[in-house]
Structure formats: C-alpha cells, structure tokens
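Chemist: whatever this is, show me its structure:
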Amino acid sequence: MLMAMAGLIVIGIATIYAAGNPADPDSAASLSVPSGAWKKQIIYATAGLAAFVLINLINYGWLGAASYWIYAVVLAVLSVLLLDKIVDIPFVPVINFSRRWIKIVPGYDVKIQPSEFCKIAYILALAWYLRYRSNYRKFLGLIGPFALTLLAIVLILLEPDLGTVMLMMPILFAMLFVAGARVRHLLVIIGLAVVVSPLLWHFMHSYQRMRISSVLLQNEKIMEKARDNPRLAEILAGGTANLAKWKRNQGYHLMHSKYAIASGGVSGYGFAKGPYIRYNYLPERHNDFIFAIICHQWGLVGCAVVLGLYALIAGCGVEIAQANTDPFARLISVGIIAMFAVEVIVNISMTLGLMPITGLTLPLVSYGGSSLVVSMIAVGLLNNIGRCRPFSVAGKGFEHITD
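Modeler: As a prediction, this is how the structure comes out:
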C-alpha cells in the first residue's frame, strides 16, 4: 500500500513537471502551468509525509474521542469562508467565483482548502457515531447520520464546491451499509433522491447545468435534435446561440481531454512529448485533467499502471477492514476506501466524458497541497489501523475433523 502511494506521488510529480516543461524548447504551453509547480508539489509531498508519520505516532483510537471536536472545528472554518460573503475577510481569496481557500502565510501564495480536510474529519465523526449504535437499523434512525452529513454538505455547497459534495453521500452509504443499515432503507432514500433530482435542475447555476448537459451534447444525435428543437436547445445549452459555440466554450475541456487520451494509443508519445504537452490545448492539465496527460504520454500502459496502483491501495484497505474486529477502525477503513474510489472514478470519468466536470482532483497525483496532504493522511490512517489492530485471545473457530 505504501509503495503504491509513493508510486502515484512520483507519477504525479513527473507529469506536473512534463506539463510545465515540454521537451520542445520552442513550446509556449508551459505558460498554462504555474511556474515551479512540480517543485511545490514536492514540498506538499514532504508536508504530507510529515502528516503521515504524525498520524502513525498515535493510536487511531485516540482520534475517536476527539472526532466530534475535530469535525466541529472544520465546520467552523468552513463557516468563516461563507462569512466572507457578508464581511470582507482578507485571508479568504475569491477564485473563479468560489470561496474555498484560506491564506495561511500573509504575502505568499500558500493556501489550504478546508473542504479537503473536512473529508477526513467527517469520516472520523461518522465512524465514531456508528460504531456501537443499532438505531440506524430503523428508518428514522438514519436521521442522525444524515444530519451529520448535511452539516458539511450545506457549507461546502455554498462555497460552492460541487466535487467535494459528490463524495459525501457515497461515503455515507458505504459506511452505513457496513455498519448494518438495512439495504431496503438505503434503496428507498436513493429512489427519493432520483425522483427529486429533476427539481434541482431549476435551482442550479447555468454553468452547473451546462456541465451536466455537456455529457449529453457529446452525442451527435442529441446535438442534432437540439439544433432542430429550440426548446431542447434552451434546456440543454441555454439557447441555440450557446449550442452553436459549445465546442469552443463549455465543451472545450471535455473534447480536448478525450483527444489527449485517444491520441496516446497503447504506449503514448513518451515523457514530456506529444501535442498536448507541446501546445496549450488543454487547460488545467496539471490538476483536474492530469489523467488525460498521463494517457497522452504513456498510453494505455500508463493508464493501467495508475489504475493498478489505486486498486492495490483499495485492496489493502479492504484487507485491513476485514482483519480488524474494532467497529470504529473498520468503519474508518471503509470510509477511506469509498473516498478514494469515488474520487478516482469521478475524476477519470469526467476526463472520458462519462460524467460532468466537477473539479474533483485525482488523489495523490493531481497538483494541489491540501488534496495531496489529506490523501496521505488517509493512507496513514489505514496504515495506523493495520498496525494497531487488536489481538484476538481466542483462535478462529475450528471444524469437526473426521478420519
């Protein structure tokens, strides 16, 4: 598991370096990547390693008693971000109309993203809540876990940060299932959400609706029907005018991400090579769309290696959860596995055009300090639980042996 984590971090740093330092000296594509981004990623990885070591110096059980306090502190910090909408707070920058970061060093571009740390705090608090309870076996007993979840969802959604919000419910359902909640109750809730979801369309911002409809507009048949039907064009793209320039505007990232992946073929163009390295065709290629650049450089082989490393982490996490008899430890492990699984599936799916673009990063690989540190803390918690699993006095049950 630790080797897989280290491998993904190295792949991420190497890809960030390639994205900002093309092999072609005449290329201007490096202008789209922050200067020295790969060096900053090494610093973030060093900070993550320190956090990894720190989380392994303590028994994970101690985190349980403090889990509600940790969660409360993170929610309070998230509330500060929203307070900036009312009172101008100098250490809360507004980037792309979102308030997601807090500057921690005045005069320097050093920021943390509280919603990233909220993921770990939420998993700890929910695991502590569910560890010995049985009332969630009843439908009304699910109010407590859902209330605990909605506290974070509302605050993060108002930033807005749709990507992180998408993580919360899958983590909740995975942990409830393992804790013993009835499947039919969970299916009823999912059914209700599906029924209500069309109503949410009218409450979304235009850019949020466009991200969802872009998945449909890739299909030429749907695009043709929208061109012929002004009402459908209004629903999907906000009008025929927006539909005509979709590939140049809202669909630009999506189309070029798919081109970058497809052009990589089986073995790719090679390190720091290829048109999507040389030219600035794909924005955010060191961050949200880094998987497309990995496929562009190393093709299907590189894609398989990355997915294999994630599968190795997930497999080790499942083994740790199965081998541990402590409910709190098992629930933490399941929550972390669900977090990684959803992040990887959503990020890769959005680069392939299978899901809306949400801004969800690829864990341990994408550029970003908070994301990398939190992912390393998560693996550190899994490692801690694996090391500190309680011993069983009695051996495994034996079978009747006959001659």
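Chemist: got the buried residues for stretch 121-138?
Modeler: Neighbour-count burial for stretch 121-138 flags 121, 122, 123, 124, 125, 126, 127, 128, 129, 130, 131, 136 (criterion: 16 or more other CB atoms under 10 Å). In this view, the C-beta of every residue, glycine as well, is placed from N, C-alpha and C.
Chemist: of these, the lowest pLDDT goes to which?
Modeler: Within those, residue 136 has the lowest pLDDT, namely 77.
Chemist: let's verify that residue: helix, strand, or coil?
Modeler: helix (DSSP: H, G, I helix; E, B strand; the rest coil).
Chemist: which residues touch it?
Modeler: Residue 136 is in contact with 130, 142, 144, 145, 176, 179, 180, 181, counting by CB atoms under 8 Å, 6 or more residues apart in numbering.
Chemist: what is the burial count for the last one?
Modeler: Neighbourhood size, residue 181 [other CB atoms under 10 Å]: 22.
Chemist: isn't it up against residue 139?
Modeler: No: counting by CB atoms under 8 Å, residue 181 stays clear of residue 139, with 9.5 Å between them.
Chemist: would you map the strands across the chain?
Modeler: In the chain, the strands defined using DSSP state E lie at 102-103, 111-112.
Chemist: now those in TSV, with mean pLDDT, mean neighbour count and distance to residue 223?
Modeler: Shown next, in TSV, are the strands of the chain (pLDDT from 0 to 100; neighbours: other CB atoms under 10 Å; distance: least, CB to CB, whole Å):
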stretch	mean pLDDT	mean neighbour count	distance to residue 223
strand 102-103	83	18	41
strand 111-112	84	18	39
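Chemist: now these as TSV including distance to residue 345?
Modeler: Output for the strands of the chain, formatted as TSV (distance: least, CB to CB, whole Å):
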stretch	distance to residue 345
strand 102-103	29
strand 111-112	26
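Chemist: among those strands, which is nearest residue 11?
Modeler: For the strands of the chain, proximity to residue 11 was assessed by CB to CB; strand 111-112 is nearest, at 23.9 Å.
Chemist: what packs against that closest one?
Modeler: Packing contacts for strand 111-112, counted by 3 or more CB pairs under 8 Å, 6 or more residues apart in numbering; DSSP states H and E, involve strand 102-103, helix 369-387.
Chemist: how far off centre is that strand?
Modeler: Strand 111-112 sits 17 Å away from the centroid of its parent chain (CA atoms, centre = their mean, to the nearest Å).
Chemist: contacts for it?
Modeler: For strand 111-112, contacts defined as CB under 8 Å, 6+ apart pick out 93, 101, 102, 103, 104, 369, 370.
Chemist: is it possible to get a markdown table of the residues you listed that adds distance to residue 378?
Modeler: Listed next are those as a markdown table, based on distance: CB to CB, whole Å:
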| residue | distance to residue 378 |
| --- | --- |
| 93 | 26 |
| 101 | 20 |
| 102 | 21 |
| 103 | 25 |
| 104 | 21 |
| 369 | 15 |
| 370 | 12 |
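Chemist: out of those residues, which end up buried?
Modeler: Neighbour-count burial (16+ other CB under 10 Å) applied to those gives 101, 102, 103, 369, 370.
Chemist: distance to residue 38 added to those residues, as a markdown table?
Modeler: As requested, those are exported to a markdown table (distance: CB to CB, whole Å):
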| residue | distance to residue 38 |
| --- | --- |
| 101 | 21 |
| 102 | 24 |
| 103 | 22 |
| 369 | 13 |
| 370 | 17 |
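Chemist: out of the residues you listed, which is nearest to residue 321?
Modeler: Ranked by distance to residue 321 (CB to CB), these are led by residue 370 at 25.5 Å.
Chemist: OK, contacts around the closest one?
Modeler: Counting by CB under 8 Å, 6+ apart, residue 370 touches 111, 112, 113, 116, 117.
Chemist: tell me the spacing between residue 238 and residue 283.
Modeler: In this view, residue 238 and residue 283 are 22 Å apart by CB to CB, to the nearest Å.
Chemist: helices of the stretch 301-403 of the chain, start to end?
Modeler: 327-351, 369-387 (DSSP state H, counting those that start in this stretch).
Chemist: any idea how far stretch 9-21 is from the chain center?
Modeler: That offset, for stretch 9-21, works out to 19 Å (CA atoms, centre = their mean).
Chemist: could we number from 675 for the rest of this?
Modeler: All right, first residue 675 from here; so that's stretch 683-695.
Chemist: got a list of contacts for it?
Modeler: With contact meaning CB under 8 Å, 6+ apart, stretch 683-695 is reached by 703-704, 706-709, 711-712, 715-716, 719, 945-946, 951, 959-960, 964, 967-968, 971, 979-980, 983, 1036, 1038-1041, 1046.
Chemist: go again with 7 Å.
Modeler: Stretch 683-695 is contacted from outside by 704, 707, 711-712, 715-716, 719, 945-946, 951, 959-960, 964, 967-968, 971, 980, 1038-1041, using CB atoms under 7 Å, 6 or more residues apart in numbering.
Chemist: ok, of those, which come out buried?
Modeler: Using 16+ other CB under 10 Å, the buried ones in those are 704, 707, 711-712, 715, 719, 946, 951, 959-960, 964, 967-968, 971, 980, 1038-1041.
Chemist: alright, calling it a day.
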